[in-house]
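Asks: Build me a model from this:
(2 chains)
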There are 2 protein chains.
Amino acid sequence: MKQVFEITDKNIIKEVLDRAEFGTLALCENSKPYSLPINFVEIDKEIYFHGSFSGRKANILKKNNFASFSVVEPCAFIPSYFSSNEGLACPATQFFKSVIIEGVIEFVENKKQKINALTKLMQKLQPEGNYKSLSENEYKKIIDATCVYKLIPSSIRAKFKFGQHLTKERFDMIIKHLEQRGSKIDRKTIEMMKRFRDEI
Amino acid sequence: MKQVFEITDKNIIKEVLDRAEFGTLALCENSKPYSLPINFVEIDKEIYFHGSFSGRKANILKKNNFASFSVVEPCAFIPSYFSSNEGLACPATQFFKSVIIEGVIEFVENKKQKINALTKLMQKLQPEGNYKSLSENEYKKIIDATCVYKLIPSSIRAKFKFGQHLTKERFDMIIKHLEQRGSKIDRKTIEMMKRFRDEI
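Replies: Take a look at the predicted model:
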């Protein structure tokens, strides 16, 4: 059964991944978790990122390549009094979009694939261009020295919390408060609330 | 030896934790990582958060309470041409602050401690107040049904990347470009660059 906050539309999930500058990668080292933020790009439903061949991340991955990767788009904080007149703290919450991908990580050895991943990463983060193509000879040494990884998902779960579970009365009360507070993130949150309310 | 991006000042680290609305918690379940975003509050060098008594997070923690917790404050993206005239893509980077805490998680059973943690969480996220004190009887049932966790750190590592490693020429070139681009995050990034450059 689909949960109330669950999003399964692949295009909507891709939107979150394409907009996010970074995500948090979690690995396991001898049953102890290790986590770190990384810049990344999604290509054909896989997550690509890069690093050095040495270091803790690479060393762990040689022994255990299971990974969990989280991307969050935080939205408005919703104070308790935005949705209730009873004066209790409990309704306080934060609206957000999150995507959690579980799978295994492989080292990308193929040079063309490495260049393609680094090119797509640049296109995502520096869309205005203004640099020489990664396929030029000048980059050969540095690309050889760069470790490119890809996370191959076994599961992708997206949770968008925008008050889908609330009664119409509480939902409308939040919209009114957000309109009053009126920051950029509040206006964006209203838009998301309306969009994902319709999808239930 | 202190790394070039490493921050050890406890007050500066606390600032990041106090400003962050959420962090990413990573756990290990049978040698596979599990990660999820959580709202949290730091109290006396420990990280408090809450959830339900059932669910995957609680179930994993009963078997393996090692945790890694990451908090990120993303700052300006620095296009490659902000620090170099050679036209290569390589200098492209993102400046950021990150704090990664490793340790073990305990269930908080003591009621006073639970109320204190939830109170501090509310004070952090809803500083304007406007709710009844969590110590009131009205909350008894809901607090009993709420699982409060604390992460007791064994290591806290903070990495602030603000161009501390660059030559003066490249550093100044980035400042100039950020001033020209001039967004709110660019202006904040300039401030951080100057602040943490001085600390080398």
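Asks: ok, now how distant is A:Leu36 from chain B?
Replies: According to Cβ to the nearest Cβ, to the nearest Å, A:Leu36 and chain B sit 6 Å apart. Every C-beta, even on glycine, is put in place using the N, C-alpha and C of the backbone.
Asks: Where does the closest residue to chain B within chain A fall, secondary structure wise?
Replies: Nearest to chain B in chain A, going by Cβ to the nearest Cβ, is A:Ala26, at a distance of 3.4 Å. Element membership of A:Ala26, judged by DSSP states H and E, is strand A:22-29.
Asks: Residues in contact with stretch A:180-199: which ones?
Replies: If you take Cβ atoms under 8 Å, 6 or more residues apart in numbering or on different chains as the criterion, stretch A:180-199 is touched by A:7, A:75-76, A:95, A:97, A:160, A:162-164, A:171, A:174-175, A:178-179.
Asks: for chain A, what spans make up the strands?
Replies: In chain A, the strands defined using DSSP state E lie at A:6-7, A:22-29, A:32-39, A:41-43, A:46-51, A:66-78, A:93-108, A:147-161.
Asks: hey, C-alpha coordinates of the third one in CSV?
Replies: Which is strand A:32-39. Extracted C-alpha coordinates of strand A:32-39, given in CSV (Å, rounded to 0.1, in the frame of the first residue of the first chain):
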residue,chain,number,x,y,z
LYS,A,32,29.8,0.9,12.0
PRO,A,33,28.2,3.6,9.7
TYR,A,34,30.2,6.2,7.9
SER,A,35,28.5,9.2,6.3
LEU,A,36,29.6,12.1,4.2
PRO,A,37,28.2,14.8,1.9
ILE,A,38,28.9,14.5,-1.8
ASN,A,39,28.2,16.3,-5.0
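Asks: where does chain A have low pLDDT?
Replies: Within chain A, the segments meeting pLDDT under 70 span A:1, A:198-200.
Asks: Any idea what the residue nearest to the spatial centre of chain A is bridged to?
Replies: The C-alpha lying nearest the average C-alpha coordinate of chain A belongs to A:Val71 (Cα atoms, centre = their mean; 2.3 Å). Beta-bridge partners for A:Val71, by DSSP bridges, are A:Val99.
Asks: now A:Phe107
Replies: Beta-bridge pairing of A:Phe107 under DSSP bridges involves A:Tyr149.
Asks: so it touches A:Tyr149, yeah?
Replies: Yes: between A:Phe107 and A:Tyr149 there is a contact under Cβ atoms under 8 Å: 6.2 Å.
Asks: what sits in contact with each of those two?
Replies: Counting by Cβ under 8 Å, 6+ apart, the shared contacts of A:Phe107 and A:Tyr149 are A:Leu61.
Asks: between those two, who's got more neighbours?
Replies: Using other Cβ atoms under 10 Å in any protein chain shown, the more surrounded residue of A:Phe107 and A:Tyr149 is A:Tyr149, with 23 against 14.
Asks: show me the contacts for the more buried one.
Replies: A:48-51, A:61, A:105-108.
Asks: just A:Leu88 next, same as before
Replies: Contacts of A:Leu88 (Cβ under 8 Å, 6+ apart): A:80, B:131-132, B:138-139.
Asks: Buried ones from those, can you make that a ChimeraX selection?
Replies: In ChimeraX syntax, the buried subset of these is picked out as below (16 or more other Cβ atoms under 10 Å in any protein chain shown):
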select /A:80 /B:131,139
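Asks: Could you work out the most separated pair of the contacts of A:Leu88?
Replies: A:Ser80 and B:Glu138 (12.9 Å; Cβ to Cβ).
Asks: any idea which residue of chain A is furthest from its center?
Replies: The outermost residue of chain A relative to its centre, with distances by Cα atoms, centre = their mean, is A:Glu86 at 35.1 Å.
Asks: Could you measure from it over to B:Tyr131?
Replies: 9 Å (Cβ to Cβ, to the nearest Å).
Asks: ditto for A:Ser154
Replies: 42 Å.
Asks: again with A:Lys194
Replies: 27 Å.
Asks: same deal with A:Phe95?
Replies: From A:Phe95 to B:Tyr131 the distance is 18 Å (Cβ to Cβ).
Asks: same question, A:Ile38
Replies: From A:Ile38 over to B:Tyr131 (counting by Cβ to Cβ), the distance is 38 Å.
Asks: how many neighbours does A:Ala20 have?
Replies: Close neighbours of A:Ala20, defined as other Cβ under 10 Å, add up to 19.
Asks: hang on, isn't it packed against A:Glu73?
Replies: Yes: using Cβ under 8 Å, A:Ala20 makes contact with A:Glu73 at a distance of 6.7 Å.
Asks: residues in contact with A:Lys32?
Replies: B:28, B:66, B:68, B:102.
Asks: and what of A:Ser98?
Replies: A:Ser98 makes contacts with A:70-73, A:158-160, B:36-37, as judged by Cβ under 8 Å, 6+ apart.
Asks: What is the nearest of the residues you listed to A:Gly55?
Replies: Within these, the smallest distance to A:Gly55 is 20.7 Å, found for A:Ser70 (Cβ to Cβ).
Asks: Quick check, the closest one in contact with A:Thr24.
Replies: Yes: in this structure, A:Ser70 is within contact of A:Thr24 by Cβ under 8 Å, at 4.9 Å.
Asks: if I look at these two, which residues touch both of them?
Replies: Residues within reach of A:Ser70 and of A:Thr24 at once, by Cβ under 8 Å, 6+ apart, are B:24, B:35.
Asks: Compare those two (neighbour count), which wins?
Replies: More neighbours surround A:Thr24 than the other of A:Ser70 and A:Thr24, with 28 against 23 (other Cβ under 10 Å).
Asks: In contact with that one, which residues?
Replies: Here A:Thr24 is in contact with A:35-38, A:69-71, B:24, B:26, B:35, B:70, B:72 (criterion: Cβ under 8 Å, 6+ apart).
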